[in-house]
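> What follows is a predicted structure for the sequence shown.
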Amino acid sequence: MVEISSFLRSILLLSSCLIWRGVEGQMLGEYGGRQRVRARQNNGNNGQKDTSAFNIVNGRILTPGLGIILAPQPFTPMGGDFLHVALDVSGDGKLPVPPQNTDDPLTQIFNTTLFLTSNALGKNFTISNITTTTPPFANIMMQESGQTVKHINFEWPDCLVGDNNKDDLATTARGDYNVSIHQNYRLNGTNFYTIFNLPISVTNSISQFPGANQLLTKPPPGPLNANGGRMNCDMISNPMMDFSALVASVNNPPGQPFQDFGIATSQRNDGGQVGGNGKGGGGGQGQGQGQGQGIGNNPNGGQGALGASNAGVKRETGAVLNVVGMVGLVVLGSMVGW
Ligand SMILES: *[C@@H]1O[C@H](CO)[C@@H](O)[C@H](O)[C@H]1NC(C)=O
Ligand SMILES: *[C@@H]1O[C@H](CO)[C@@H](O)[C@H](O)[C@H]1NC(C)=O
Ligand SMILES: *[C@@H]1O[C@H](CO)[C@@H](O)[C@H](O)[C@H]1NC(C)=O
Ligand SMILES: *[C@@H]1O[C@H](CO)[C@@H](O)[C@H](O)[C@H]1NC(C)=O
Ligand SMILES: *[C@@H]1O[C@H](CO)[C@@H](O)[C@H](O)[C@H]1NC(C)=O
C-alpha cells in the first residue's frame with residue numbers, strides 16, 4: 001500500500017495548491033495601504049512591524065487551535081467596506097469539512113466564534129457567534145459547503161466610520177483591535193478551548209455608505225441594519241471580560257497542534273480496496289498481464305481484488321489501482337469543491 005499513500009499525498013499536495021489559488025482568487029475587497037504598516041510592539045525594531053510573537057509559516061498564521069488564519073496578517077492597518085478573515089478549518093488538509101461527516105473520536109472542530117475586541121477602547125463586537133444562519137453570525141463550518149477555507153466578511157459597524165486622521169480617533173471607536181478567535185475542538189481524543197488574538201488597526205478610511213459592489217462578495221458582508229447600512233455598534237456589543245478571567249477560561253493544548261505534535265485522526269474503512277488481497281501462487285502466471293481485470297488466470301482460484309483471503313502473496317492488480325485512482329479523485333474533488 002506504499003503506492004497508495006504516496007499517490008494520495010501527491011493528490012493532497014496538488015489540491016492544496018489549487019485551494020491556494022482559489023483563496024487568492026476570492027480575496028475580494030482590499031486591506032488598504034498595506035505599505036503603511038505602523039510601528040507597534042516593535043521591540044526597538046525601528047519602524048518595522050515585529051511579528052516574532054506569531055507563529056507564521058508561509059503567510060499562514062498558526063493558532064493554538066486547529067484553525068489556520070490565512071488573512072489578515074498581524075498588525076495590518078485596515079479599512080474599506082468590511083473586515084475580511086480567511087480561516088482554514090481543514091486541519092491543514094487532514095480533516096473533513098461539511099457536507100462530509102466531521103465527527104471523529106480523535107480530532108475534530110466543534111465550533112469557532114470570532115469577536116473584534118479592544119482592551120483600550122473597551123469594545124467587544126460580535127463577528128460570528130453561531131446565532132443565525134446568515135453569515136457572518138452563522139456557524140462558519142456550515143457556510144461555503146465543501147470549502148476548507150471559510151471566509152468571514154464582517155461589515156464595519158458605524159462607530160468605526162472615519163478617515164485616516166488623528167481627530168477621528170477621539171470621536172469614534174477607531175484604533176487598535178484584536179480579531180479574537182475562540183476555538184472549541186478535540187485533538188487526539190482530548191477537548192480544548194483556545195482564544196487567539198490577531199492584532200489589526202482599524203485606521204484606514206471607512207465610509208458611512210459602503211459601495212454597492214461589496215454585495216458581489218461571497219459570503220455577503222454583514223451584519224447590516226434594516227436599511228442595508230452599517231450596524232449600530234451598540235447592537236453588536238458584548239460586555240468586556242476581565243483579561244485574567246479570559247486567561248483562566250482557556251484550556252490550551254500542550255503546544256501548537258500541527259507544529260509541535262501533528263494530529264491523529266481515526267482510521268476510516270469506508271473506502272479503498274474492496275476485500276483482502278487475492279490468493280497468489282500459480283507459479284507467477286497471473287502476473288504482468290496489465291489488463292486491469294483483477295481476476296488473474298491463476299490455477300488455484302485466486303479472486304483478485306474482490307473477496308477476502310488469507311493467502312500470503314500480495315498482488316497489485318489493475319483493478320486495485322483503479323479503485324485507488326477513484327478514491328484519489330474523490331478526495332481531489334471534495335477538496336476543490338466540485
Ligand atoms: C461549542 O462547542 C463546545 C464544546 O462542544 C460546546 O460546549 C459549546 O456549547 C459550543 N458553542 C456553541 C456556540 O455552539
Ligand atoms: C490584543 O490582545 C493582546 C493579548 O492577547 C493584548 O495584549 C493586547 O493589548 C490586545 N490589543 C488590544 C488593542 O486590545
Ligand atoms: C450573538 O451576537 C449578537 C450581536 O452581538 C447578539 O445579539 C446575540 O445575542 C448573540 N448571541 C449569543 C448566543 O450570544
Ligand atoms: C467578548 O464577548 C464574548 C461573548 O460574550 C465573550 O465570549 C468574550 O470573552 C468577550 N471578549 C472579551 C475580550 O471580553
Ligand atoms: C497525536 O497523535 C499522533 C499520532 O499518534 C502523535 O504523533 C502526536 O504527537 C499526538 N499529538 C498530541 C498533541 O498528543
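It's in. Ligands and ions are numbered 1, 2, ... in the order given.
> What is the burial count for M241?
15 (other C-beta atoms under 10 Å). From N, CA and C alone the C-beta is placed, and that goes for glycine too.
> One more: D260?
Counted with other C-beta under 10 Å, the burial measure for D260 works out to 11 neighbours.
> mind checking which helix or strand the closest residue in space to it that isn't next to it in sequence is in?
Leaving aside its chain neighbours, D260 sits nearest to P254 (7.4 Å; criterion: C-beta to C-beta, 6 or more residues apart in numbering). Under the assignment given by DSSP states H and E, P254 is not contained in any helix or strand.
> May I see the buried residues of stretch 238-250?
When burial is assessed from 16 or more other C-beta atoms under 10 Å, stretch 238-250 yields no buried residues.
> and the gap between the residue lying closest to G162 once chain neighbours are set aside and N178?
Spatial nearest neighbour of G162, excluding adjacent residues (C-beta to C-beta, 6+ apart): D168 at 3.5 Å. From D168 over to N178 the distance is 20 Å, taken as C-beta to C-beta, to the nearest Å.
> Hmm, I152 and F82 touching each other?
No - here F82 lies out of contact with I152, judged by C-beta atoms under 8 Å, at a distance of 9.4 Å.
> Isn't N184 up against N191?
Yes - proximity of N184 to N191 meets the contact threshold set by C-beta under 8 Å, at 7.4 Å.
> Which one of these two is surrounded by more residues?
Ranked by neighbour count (other C-beta under 10 Å), N184 and N191 place N184 first, with 16 against 12.
> for the helix or strand encompassing the more buried one, packing partners?
Here N184 sits within strand 175-187, counting by DSSP H and E. Judged by 3 or more C-beta pairs under 8 Å, 6 or more residues apart in numbering; DSSP states H and E, strand 175-187 is in contact with strand 82-88, strand 108-118, strand 190-202.
> Now that strand: buried residues?
Applying a neighbour-count criterion of 16+ other C-beta under 10 Å, the buried positions in strand 175-187 are 176-187.
> Would you mind giving the residues you listed as a markdown table with pLDDT added?
Listed next are the buried residues of strand 175-187 as a markdown table, based on pLDDT from 0 to 100:
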| residue | pLDDT |
| --- | --- |
| D176 | 95 |
| Y177 | 97 |
| N178 | 97 |
| V179 | 98 |
| S180 | 98 |
| I181 | 98 |
| H182 | 98 |
| Q183 | 98 |
| N184 | 98 |
| Y185 | 98 |
| R186 | 97 |
| L187 | 96 |
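> Quick one: residues contacting the closest residue in space to T190 that isn't next to it in sequence.
Taking C-beta to C-beta, 6+ apart, and ignoring the residues beside it in sequence, T190 has P253 as its nearest neighbour in space, at 7.6 Å. P253 makes contact with 64, 187, 190, 192, 194, 261, according to C-beta atoms under 8 Å, 6 or more residues apart in numbering.
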